[in-house]
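Engineer: Next comes the sequence, and after it the predicted model I'd like to discuss.
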Amino acid sequence: MCIVLSKQGHDDLCAVCKHTGELLLCDCCSLVYHLSCLQPPLAIIPSGFWMCPKCKAKHTNSPVQPWNGQLKVSQNQQKASKEDEKKRLIRRSSELKKERILLETKAKQLNDAITHQLEAKRELNDSFKKTESTIEQLKSFLSLVNSSPSTTDSNQPPPSPATTAAPLTPPIGAPSS
């Protein structure tokens, strides 16, 4: 019967040449081998379950036992790895949701600020148009005053406010008729 060892239970030196290096681990015992030290030498590392020549010799006459030790460890490691990845993805998803909420809040604040600025701009434009209109009215009034014939003599005192005619244009801010 083959007992599967964990990787910590293997030797550090090749069973043939007694040197270190890239060593192939036997899945049944603690022996390790360089690919070139095996007979026949191997060109690549075999995939899956591998037995060294000594274990093969021991097990050639024994019935084949289903092997599941290393695979079970791999499945457990894979499951743990998937669980870790799932936890990491859930954490990242939560972080992204928080970031999205913050960005949406900032976008709303910016949108409100833009709306406020557009309203202020509209009010300034309206005020500017009213001011321009008032300036045009004042220019018309001044041109009318400057172009009217003078009825006063230079020796005569200026007319009193009581005798002065009413202005042709309404004062600023007064409703026009």
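Structural biologist: Cool, the structure landed.
Engineer: make it CA atoms for all contacts and neighbour counts henceforth
Structural biologist: Fine.
Engineer: Do you have the helices of this structure handy? List them.
Structural biologist: 53-59, 69-147 (DSSP state H).
Engineer: Tell me the confidence at Asp153?
Structural biologist: Predicted confidence (pLDDT) for Asp153: 49.
Engineer: The worst-scoring helix or strand of the chain on mean pLDDT: which residues count as buried?
Structural biologist: Scoring the helices and strands of the chain by mean pLDDT, DSSP states H and E places helix 53-59 at the bottom, with a mean of 84. Neighbour-count burial for helix 53-59 flags Cys55 (criterion: 16 or more other Cα atoms under 10 Å).
Engineer: pLDDT weak spots in this protein?
Structural biologist: 1-8, 61-76, 150-177 (pLDDT under 70).
Engineer: Please repeat the previous calculation with a cut-off of 80.
Structural biologist: For the chain, the stretches flagged by pLDDT under 80 are 1-9, 59-78, 149-177.
Engineer: Turn the helices of the chain into CSV, columns for distance to Thr20.
Structural biologist: Converted to CSV, these look like this (distance: least, Cα to Cα, whole Å):
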stretch, distance to Thr20
helix 53-59, 19
helix 69-147, 24
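Engineer: Out of those helices, which is closest to Leu23?
Structural biologist: When the helices of the chain are compared by Cα to Cα, helix 53-59 sits nearest Leu23, at 14.4 Å.
Engineer: what sits against Asn125?
Structural biologist: Going by Cα atoms under 8 Å, 6 or more residues apart in numbering, Asn125 touches no other residue.
Engineer: again, 10 Å this time
Structural biologist: Asn125 sits next to 119, 131 when contact means Cα atoms under 10 Å, 6 or more residues apart in numbering.
Engineer: With just CA atoms, put stretch 135-146 into CSV.
Structural biologist: Output in CSV follows, covering the C-alpha atoms of stretch 135-146 (Å, rounded to 0.1, in the frame of the first residue of the first chain):
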residue,chain,number,x,y,z
ILE,A,135,-28.9,103.5,-20.0
GLU,A,136,-30.6,103.8,-23.4
GLN,A,137,-33.5,105.7,-21.8
LEU,A,138,-31.1,108.1,-20.1
LYS,A,139,-29.2,108.6,-23.4
SER,A,140,-32.4,109.4,-25.1
PHE,A,141,-33.4,111.8,-22.4
LEU,A,142,-30.0,113.6,-22.4
SER,A,143,-30.1,113.9,-26.2
LEU,A,144,-33.7,115.3,-26.0
VAL,A,145,-32.6,117.8,-23.3
ASN,A,146,-29.5,118.8,-25.3
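Engineer: how much space between Leu35 and Asp12?
Structural biologist: From Leu35 over to Asp12 the distance is 15 Å, taken as Cα to Cα, to the nearest Å.
Engineer: do the same with Leu38
Structural biologist: Leu38 is 16 Å from Asp12, by Cα to Cα.
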